[in-house]
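K.L.:
With the input below, show me the fold.
(chains A and B)
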Number of protein chains: 2
Amino acid sequence: MTTIGSIDNGVNVQALLDAREALKASPEAAQFTWRSTTRWENGVHTTSTVKHFFGLGAEQTHKAQSEFTADHPEVFAAEDNGITPIEYLLVGLAGCLTAGVASVAQNRGIQLRSVESTVEGNHDIRGILGVDSDVRNGFNDIKVTFKIDADASQQEIEALVAQSQKRSAVFDALANPTEVTVEVN
Amino acid sequence: MTTIGSIDNGVNVQALLDAREALKASPEAAQFTWRSTTRWENGVHTTSTVKHFFGLGAEQTHKAQSEFTADHPEVFAAEDNGITPIEYLLVGLAGCLTAGVASVAQNRGIQLRSVESTVEGNHDIRGILGVDSDVRNGFNDIKVTFKIDADASQQEIEALVAQSQKRSAVFDALANPTEVTVEVN
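P.N.:
Have a look, this model is predicted:
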């Protein structure tokens, strides 16, 4: 039988459990602000930069600055310099659910060997083109399919994914509404 | 006075207007599926790949394959190999709204000189850590602030941003709920 001590998914679960206890006592430290700055290049081509965020009561910095290119594909008469903005949501969703699977597996003493997923977002583009005002602008629906090789039963693997979903920031951000304010300076 | 003929934001508005007409007659061609595949690296570190999508009734391919790294920062006891999954949502939101501003400006004959934006997502991480079940997992709220230099009045610029928001796929995907299904193969 696999014990917690002998498995290693690379997640420091003890630090997360300690953080949970620490933040119970100081909820103000749990208030994070994530930030991205974006500049228009030309057409529908943009570059976004992510480096700084706020959390634990102070300004924080990622080890490195990351840059991301967004554009529209050639079938939208654009230059396809990068993926479309809406595809970034799928990248975030799979990243979050997979991180959750690894963390929950670590906490439950389950050794992962591989985790792969495909995320598909169905999108009726008549909404954004203004063809039909009954069609929404965003995804119709999103489907995530996991393929997981782990030292566990199918039932245990399904329970990992279910628990990850229950605690996923990005799953919640897509499945439930968020107030988004847009201002011009 | 600026005429539509003399301005150029790099957006082929005529192609978009033609697509709108074409998709009125064949709504099945407007059904797109965007895809991302993700593999677990170690810990909460993942790599996502985006290349193929479906649309206009056929498989389509981006000019290049894009890879994205997600991880958690060092303050979460992780290695910070890349931005957090939830930050990808902010990248997508600004990219989408900015593409919309450029497209609407082109359609209205307004020459843009520069468009910059900052997106801030407030996030109480007590939700994902399981400190307090009354705290949601996702963002509390998101704020986007634009700074736009254009050959237009402040009122016209604000109207550009308002119209972009009204037709934005990512704004809708974050402001309103989407059904997300998660399965294990």
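
K.L.:
what are the ranges of the strands in chain A?
P.N.:
A:31-42, A:45-55, A:58-70, A:112-124, A:141-150, A:179-184 (DSSP state E).

K.L.:
so A:Thr37 bridges to which residues?
P.N.:
A:Thr49, B:Thr118 (DSSP bridges).

K.L.:
Let's have the strands of chain A in TSV, adding mean neighbour count.
P.N.:
Placement of C-beta: from N, CA and C, glycine included. As requested, those are exported to TSV (neighbours: other CB atoms under 10 Å in any protein chain shown):
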stretch	mean neighbour count
strand A:31-42	21
strand A:45-55	20
strand A:58-70	15
strand A:112-124	21
strand A:141-150	18
strand A:179-184	16
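
K.L.:
surely A:Gly55 meets A:Arg35?
P.N.:
No - counting by CB atoms under 8 Å, A:Gly55 sits too far from A:Arg35 to count as a contact (11.0 Å).

K.L.:
Report how many residues lie close to A:Arg20.
P.N.:
Neighbourhood size, A:Arg20 [other CB atoms under 10 Å in any protein chain shown]: 16.

K.L.:
what sits against the spatially most central residue of chain A?
P.N.:
Nearest to the geometric centre of chain A sits A:Gly92, at 2.8 Å (CA atoms, centre = their mean). If you count contacts by CB atoms under 8 Å, 6 or more residues apart in numbering or on different chains, A:Gly92 has them with A:Val170, B:Ala70, B:Pro85, B:Ile86, B:Glu87, B:Tyr88, B:Leu89, B:Gly92.

K.L.:
how about the nearest residue to it, chain neighbours excluded?
P.N.:
Residue nearest to A:Gly92 in three dimensions, not counting chain neighbours: B:Tyr88, with 3.3 Å by CB to CB, 6 or more residues apart in numbering or on different chains.

K.L.:
which residues touch that neighbour?
P.N.:
So B:Tyr88 contacts A:Tyr88, A:Leu89, A:Val91, A:Gly92, A:Gly95, A:Val170, B:Phe68, B:Ala70 (CB under 8 Å, 6+ apart).

K.L.:
hmm, 6 Å instead?
P.N.:
By CB atoms under 6 Å, 6 or more residues apart in numbering or on different chains, the contact set of B:Tyr88 is A:Tyr88, A:Val91, A:Gly92.

K.L.:
What of A:Glu67?
P.N.:
A:Thr47, A:Thr49.

K.L.:
residue ranges with poor pLDDT in chain A?
P.N.:
The model of chain A has pLDDT under 70 over residues A:1-5.

K.L.:
Could I get the contacts of A:Gly92 in CSV, plus columns for distance to B:Ala78?
P.N.:
Compiled in CSV, those are given as follows (distance: CB to CB, whole Å):
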residue, distance to B:Ala78
A:Val170, 16
B:Ala70, 10
B:Pro85, 12
B:Ile86, 14
B:Glu87, 14
B:Tyr88, 16
B:Leu89, 19
B:Gly92, 22
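
K.L.:
Just the closest of these to A:Leu112, please.
P.N.:
B:Ala70 (16.4 Å; CB to CB).

K.L.:
rewinding a little: from the contacts of A:Gly92, which two are the most distant?
P.N.:
Greatest spatial distance in the contacts of A:Gly92: B:Ala70 and B:Gly92, 13.2 Å, computed using CB to CB.

K.L.:
Please name the nearest non-neighbouring residue to A:Ala19.
P.N.:
B:Leu129 (6.2 Å).

K.L.:
And A:Phe54, by the same measure?
P.N.:
A:Thr33 (4.2 Å).

K.L.:
This completes my enquiry, with thanks.
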